[in-house]
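> From the sequence below, what's the structure:
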Amino acid sequence: MEDNNSIQKNIELQRQWYGEPLGDRVRRLVKAFDVSQAFLADVLGISAPMLSQVMSGRRAKIGNPAVLARLIMLERKILTPGVASGDQAAIDAAMQDVKDSNPTVGRDTVPVHPGVEEQTLLAALRDVAEDENLVDAAARLDNDFPAIADLLRRAGKSAT
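Numbers count the residues shown, from 1 in each chain. I've put the predicted structure just below:
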């Protein structure tokens with residue numbers, strides 16, 4: 001019973017830290033790229049057992065920020081035309097690109113695939129929020145995360 005409580009607590013922490021349980025995010029990647037968890041773990045730069053523990057909630061967080069950055073990169077690559085259409089060559093190239101990446105993660109840096117054009121990224125932000133909400137979010141993030149705030153502000157203003 002105590003183990004189940006610990007797992008539920010870890011899953012709740014994942015919701016707070018990552019927006020949703022990591023198991024849900026990883027399962028979407030496995031399905032979208034049609035790969036095994038072990039293969040995905042290799043691409044992310046994490047051991048398969050560690051990925052399994054994070055997915056099941058036996059561990060609350062991904063300790064290596066570069067692994068999280070690669071996970072985010074893969075989530076973004078799902079939206080690219082080749083991957084979205086199921087083109088195997090595009091899927092393979094996306095996976096290899098992420099595997100070969102060495103992302104740096106800092107207070108003001110969010111890993112963005114260099115092939116994703118800014119307008120595509122701005123349009124994706126506009127799809128999930130109203131312009132005034134994007135500008136409001138930018139104002140709230142200005143002091144602590146100026147690069148993200150700038151991106152949100154551009155998304156909110158460029159549609160007007």
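> what's the burial count for residue 119?
11 (other CB atoms under 10 Å). C-beta here means a position set from N, CA and C on the backbone, and glycine is covered the same way.
> in the helix with the most length in the chain, what's buried?
The single longest helix within the chain, with elements called by DSSP state H, is helix 2-18. Going by neighbour count (16 or more other CB atoms under 10 Å), the buried part of helix 2-18 is 10-11, 14, 18.
> Over to stretch 28-43?
Buried, per 16+ other CB under 10 Å, within stretch 28-43: 29, 32-33, 35, 40-43.
> Quick check: helices, which of the residues you listed are part of them?
29, 32-33, 40-43.
> returning to that earlier point: name the nearest of the buried residues of stretch 28-43 relative to residue 62.
Of all the buried residues of stretch 28-43, residue 41 has the smallest distance to residue 62: 11.2 Å, by CB to CB.
> Would you mind confirming that residue 122 makes contact with residue 154?
Yes: here residue 122 reaches residue 154: they are 6.1 Å apart, a contact under CB atoms under 8 Å.
> Output the below-cut-off pLDDT ranges for this structure.
Applying pLDDT under 70 to the chain flags the ranges 1-2, 105-118, 158-160.
> Which segments of it make up each domain?
2-105, 117-160 (automatic domain parsing).
> What degree of burial does residue 85 show, as a neighbour count?
For residue 85, the tally of surrounding residues (other CB under 10 Å) stands at 9.
> again with the one 3 residues further on
When counting by other CB under 10 Å, one arrives at 10 neighbours for residue 88.
> separation between it and residue 17?
33 Å (CB to CB, to the nearest Å).
> what does residue 83 give?
Applying CB to CB to residue 83 and residue 17 gives a distance of 26 Å.
> Please name the residues that touch the nearest residue to residue 122 once chain neighbours are set aside.
Leaving aside its sequence neighbours, residue 122 sits nearest to residue 155 (CB to CB, 6 or more residues apart in numbering; 4.4 Å). Residue 155 makes contacts with 121-122, 125-126, 131, 134, as judged by CB atoms under 8 Å, 6 or more residues apart in numbering.
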